[in-house]
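K.L.:
Please find the sequence and the predicted model below.
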Amino acid sequence: MIRSYTDYPLRKLHAFGTDATTKYYFEFTETEDLKGFLATNQEWKNLEILILGEGSNLLFVNDFQGLIIHPNIPGIKISYEDRNNIWLEVGAGVKWDDLVEYAVFNRWGGIENLSLIPGKAGAAAVQNIGAYGMEIQNQIESVTGIDLETQTEITFEASECEYSYRDSIFKNKLKNRFIITSVSIKLDKFPEFILNYGDLKTDAEKYGAINLRNIRKAVIAIRESKLPDPGVFGNAGSFFKNPVVETLLAEQLLATYTNMPQYPASGNTRKLAAGWLIEQCGWKGFRSGDAGVHDKQALVLINYGNATGKEIYDLSKEIKQSVQEKFRVELEREVNVIG
Ligand code: EPU
């Protein structure tokens, strides 16, 4: 099935829920639909392209003048299994948390800590979603899609996806050029649970034995207590990435701010908690008009109703500036700003 529109409103198609339109919009549910569209319409070659999943990580500052392509391929299929593992072929349009629920229901482990993350499976593979000690790159076997430049179908093995913290080849070299149609996910029949984040273990124990179902319940409870429901208040989860800085700067900061959270990172670097830095600058719970900073997690910016994309963007600029001035640390937006 395809849907194709001109001057299409985007308010309901992205998590911030601000007003914006796209000049052209194309949605499809089968790879063949996309191939047909690309072969029969040549105009798209002159347009700026944006690939939209559930819009969980987008902020439109202006209307989009190009073509939005929305892969909405459904379906979860078992492609292979052995004694210890099972491989699922997941359509790019599958809601991420539906996949987690399906895996937990079948007692296959590997993604339970990633419960309740908004977005679709295709976007999860772009973003390398992570939470509570788990990152999806560890369960991704391969990613399949259409390369717009060559109009061919390509499968990338996980090792070719250039995964790192909230990053992948699909956000860089292949940005808006590679349309993911399916993701192959490998799950464990005898999983080792990852419970070293905060109080996750004791939280899960409140529901009974430590198992996938109870870990999922605990993760959902933690997320619901800290993160605003995008169905109620427009937000895209973490607006910024946690910054990675040189150990030298981290130590200097720690000498002044002795309770600053710091985590080991690769090489001679440490990861800091952007939420903590933003809170220390006094932004937690801030609100100006309908644009604000969540009062339980300062890393999350909120549209309380009718904020414009520009108002949210301007607020993020002010936050970035004050963190830079106070801590000499540059925050990088995790959210993809359009326009
Ligand atoms: N903190 C504060 N004030 C705040 C927020 C956090 O002091 O307003 C402190 C916390 O007390 C803690 C530290 O900062 O010491 C880290 O906070 P938290 O555990 O809440 O996690 P985070 O680093 O802020 C990251 C991810 C989240 C993910 C959680 C849990 C990024 C950018 N964000 O947040 O992912 O759910 O860890 O693993 O890495 C998302 O990407 O949208 C997202 C929600």
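P.N.:
Perfect, thanks for sending it.
K.L.:
Tally up the residues packed near residue 317, please.
P.N.:
11 (other Cβ atoms under 10 Å). C-beta: built from backbone N, CA, C; applies to glycine.
K.L.:
Mind listing residues that contact the helix or strand harbouring it?
P.N.:
Here residue 317 sits within helix 309-327, counting by DSSP states H and E. Residues outside helix 309-327 that contact it (Cβ atoms under 8 Å, 6 or more residues apart in numbering) are 16, 18-20, 59-62, 239-240, 253, 274, 277-278, 280-283, 286, 288-293, 301, 303, 329-331, 333, 335, 337, 339.
K.L.:
Drop anything exposed from those.
P.N.:
Listed as buried from the contacts of helix 309-327 are 16, 18, 20, 59-61, 239-240, 253, 274, 277-278, 280-281, 283, 286, 290-293, 301, 303, 329, 331, 333, 335; burial here means 16 or more other Cβ atoms under 10 Å.
K.L.:
Out of the residues you listed, name the ones that lie in helices.
P.N.:
Cross-referencing these against helices under DSSP state H gives 253, 274, 277, 278, 280.
K.L.:
Verify the stated contact: residue 215 with residue 202.
P.N.:
No - using Cβ atoms under 8 Å, residue 215 makes no contact with residue 202, being 11.8 Å away.
K.L.:
can you tell me if the helix holding residue 317 touches the ligand.
P.N.:
No - Helix 309-327 lies apart from the ligand when judged by Cβ under 6 Å from any ligand atom; the minimum separation is 11.7 Å.
K.L.:
what's the distance between the helix or strand just after that helix and the middle of its chain?
P.N.:
Next along the chain after helix 309-327, taking DSSP H and E as the criterion, comes strand 336-338. Chain-centre distance of strand 336-338: 13 Å, with Cα atoms, centre = their mean, to the nearest Å.
K.L.:
Parallel or antiparallel, which strands does strand 336-338 pair with?
P.N.:
strand 58-60 (parallel) (DSSP bridges).
K.L.:
can you give me the mean pLDDT across the strand it pairs with?
P.N.:
In this model, strand 58-60 has a mean pLDDT of 96.
K.L.:
Same check on stretch 85-104?
P.N.:
Regarding stretch 85-104, the rounded mean pLDDT is 98.
K.L.:
For it, output the C-alpha coordinates as PDB.
P.N.:
Once non-C-alpha atoms are left out, stretch 85-104 reads as follows in PDB (Å, rounded to 0.1, in the frame of the first residue of the first chain):
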ATOM      1  CA  ASN A  85      19.500 -18.100  19.600                       C
ATOM      2  CA  ILE A  86      16.700 -17.000  17.400                       C
ATOM      3  CA  TRP A  87      16.900 -14.500  14.500                       C
ATOM      4  CA  LEU A  88      14.000 -12.200  13.700                       C
ATOM      5  CA  GLU A  89      13.400 -10.300  10.500                       C
ATOM      6  CA  VAL A  90      11.600  -7.200  11.600                       C
ATOM      7  CA  GLY A  91       9.900  -4.700   9.200                       C
ATOM      8  CA  ALA A  92      11.200  -1.200   9.500                       C
ATOM      9  CA  GLY A  93       7.700   0.000  10.400                       C
ATOM     10  CA  VAL A  94       7.200  -2.200  13.400                       C
ATOM     11  CA  LYS A  95       6.700  -0.200  16.500                       C
ATOM     12  CA  TRP A  96       9.900  -0.800  18.600                       C
ATOM     13  CA  ASP A  97       8.100  -1.500  21.800                       C
ATOM     14  CA  ASP A  98       5.800  -4.100  20.100                       C
ATOM     15  CA  LEU A  99       8.900  -6.000  19.200                       C
ATOM     16  CA  VAL A 100      10.200  -5.800  22.800                       C
ATOM     17  CA  GLU A 101       6.800  -7.100  24.000                       C
ATOM     18  CA  TYR A 102       6.900  -9.900  21.500                       C
ATOM     19  CA  ALA A 103      10.400 -10.900  22.500                       C
ATOM     20  CA  VAL A 104       9.600 -10.900  26.200                       C
END
